[in-house]
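Enquirer: next one to model:
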Amino acid sequence: MGVFSTTSRYSLAFLVMMNLCLKAMASESDIDFSFKNFGKVEPHLALYGDAEVNNHSSSIQISGSTNFSAGRLIFRKPINLVGANPRTMVSFSTYFAFSISGENGDGLAFVVLPVEFPLNIFDGGSMGLLRDRKIKFLAVELDTYMDKTYNDVNNNHVGLDIETPVSVKVGNLSSVNLVLNNGEKLQCWIDYEASGKRIEVRVSKFGETKPVDPLLFYYPLDLSQMWGDEKNGVFVGFVSSNGNSSQKISIHSWSFKSRMPPPRWMHSEPLDPDNVVEIKGEEGIRSIPKRSDCTSRVVLALVFGAGCGVIVAFFIVFVWIVVGSKRPVAPEELAGKGNEFEYKKFGEERAIKDGDGNGEK
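Expert: Predicted structure coming up:
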């Protein structure tokens with residue numbers, strides 16, 4: 001029992017140390033924060049332009065004080081979207097509750113901006129961004145104004161903007177019976193999966209569960225091409241402008257979480273058409289991976305198997321050393337007493353038998 005308990009303690013300590021090491025590696029890039037309301041000015045948040053805290057509703061009103069109002073709400077600490085390996089991007093998920101009043105303004109956008117973006121400068125650009133400037137940015141817009149300049153489909157849509165206000169993908173909110181600018185509180189989920197290079201956007205009424213199907217889905221989106229060399233990280237937050245209207249836009253709550261992606265061998269990625277060969281046969285057309293792609297998968301599997309083998313072998317040797325070094329030892333006060341007792345007893349019994357025999361003769 002003593003040997004087993006000692007081995008269990010060593011094994012448990014080994015597993016705990018491995019778990020702490022993995023958590024420490026992940027925490028270098030992971031950021032997790034949540035603001036359930038905004039009853040006061042949070043030290044981790046920065047407000048620019050017309051953005052201000054509305055103590056009455058415990059929210060942050062980003063724009064809407066006057067016509068041509070614009071504002072920004074930014075998390076102060078830069079987010080690192082690149083892991084230790086420059087080719088390893090970090091996934092993120094964000095959730096926020098918002099409301100937009102009934103006028104037709106530019107709406108609201110969740111943005112990812114480079115750290116050199118001039119946050120305190122406004123020049124009348126759409127959505128509270130800057131006009132005519134070559135700045136890398138990613139934006140998920142909740143647009144309530146149909147601007148033909150940017151090929152908007154209507155005045156009630158979600159759009160994905162990559163370095164330009166012209167959306168590369170649009171989701172029509174009218175198709176899910178939602179209206180952005182009726183003053184009702186809504187909620188939005190944005191999920192970016194780095195290993196799959198995809199982004200998903202979901203919107204629903206406040207209090208409802210997260211929809212299963214995304215309103216907007218886009219693939220491939222490789223943020224390493226935009227911010228692979230951004231060693232100082234990027235800013236995340238919200239921008240808004242109301243144009244020539246009195247539209248008011250408020251953020252009621254906000255949470256954000258970044259995370260390192262799992263290893264490639266643990267994650268199923270969308271099929272890449274460039275790595276597929278079509279074969280025509282009697283059963284129709286079948287798609288199979290190219291030989292180069294199969295070879296790389298086999299190599300990865302072999303490397304992973306070898307790594308697991310090394311870990312298992314190390315653990316077996318570790319347990320064998322611990323068990324082998326523990327041998328049962330008799331207590332010092334009992335050493336040698338057992339044999340002496342047996343010897344004396346045998347001698348006494350022999351003497352009695354000899355005595356009995358002589359008496360009979």
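
Enquirer: any low-confidence regions in the stretch 101-250 of the chain?
Expert: The stretch 101-250 of the chain contains residues with pLDDT under 70 at 228-230.

Enquirer: report the secondary structure state of residue 174.
Expert: Taken by DSSP: H, G, I helix; E, B strand; the rest coil, the conformation at residue 174 corresponds to helix.

Enquirer: these two touch, right, it and residue 158?
Expert: No. The criterion here is Cβ atoms under 8 Å, and residue 174 misses it with residue 158 at 11.0 Å. All C-beta spots, glycine's among them, are computed from the backbone N, C-alpha and C.

Enquirer: neighbour count: these two, which is higher?
Expert: Neighbour count, other Cβ atoms under 10 Å: between residue 174 and residue 158, residue 158 has more, with 26 against 13.

Enquirer: helix, strand or coil: sort out residue 239 for me.
Expert: Assigned with three-state DSSP, residue 239 falls in the strand class.

Enquirer: where's it relative to residue 177, distance?
Expert: According to Cβ to Cβ, to the nearest Å, residue 239 and residue 177 sit 27 Å apart.

Enquirer: neighbour count winner among the two?
Expert: Neighbours were counted for residue 239 and for residue 177 using other Cβ under 10 Å; residue 239 has more, 32 against 7.

Enquirer: all helices of the stretch 151-300 of the chain, in order?
Expert: Counting by DSSP state H, counting those that start in this stretch, one finds helices in the stretch 151-300 of the chain at the ranges 224-227, 291-324.

Enquirer: mean pLDDT for the ones you listed: which is lowest?
Expert: With a mean of 63, helix 291-324 has the lowest mean pLDDT of the helices of the stretch 151-300 of the chain.

Enquirer: residue 38 reaches residue 61, doesn't it?
Expert: No. Between residue 38 and residue 61 there is no contact under Cβ under 8 Å: 9.6 Å.

Enquirer: list residues touching both of those two?
Expert: Common neighbours of residue 38 and residue 61, counting by Cβ atoms under 8 Å, 6 or more residues apart in numbering, are 53-54.

Enquirer: I'd like the distance between residue 200 and residue 144.
Expert: 22 Å.

Enquirer: look up phi and psi at the spatially closest residue to residue 233 that is not a sequence neighbour.
Expert: Residue nearest to residue 233 in three dimensions, not counting chain neighbours: residue 78, with 3.1 Å by Cβ to Cβ, 6 or more residues apart in numbering. Dihedral angles phi and psi of residue 78 (degrees, to the nearest 10) take the values phi -60, psi 150.

Enquirer: and residue 78, how far from residue 110?
Expert: Counting by Cβ to Cβ, the gap from residue 78 to residue 110 is 16 Å.

Enquirer: and residue 149, that one's in a strand?
Expert: No. Counting by three-state DSSP, residue 149 falls outside a strand, being helix.

Enquirer: and for it, the neighbour number?
Expert: So residue 149, with other Cβ under 10 Å, has 8 neighbours.

Enquirer: roughly how far does it sit from residue 210?
Expert: For residue 149, the distance to residue 210 - Cβ to Cβ - is 33 Å.
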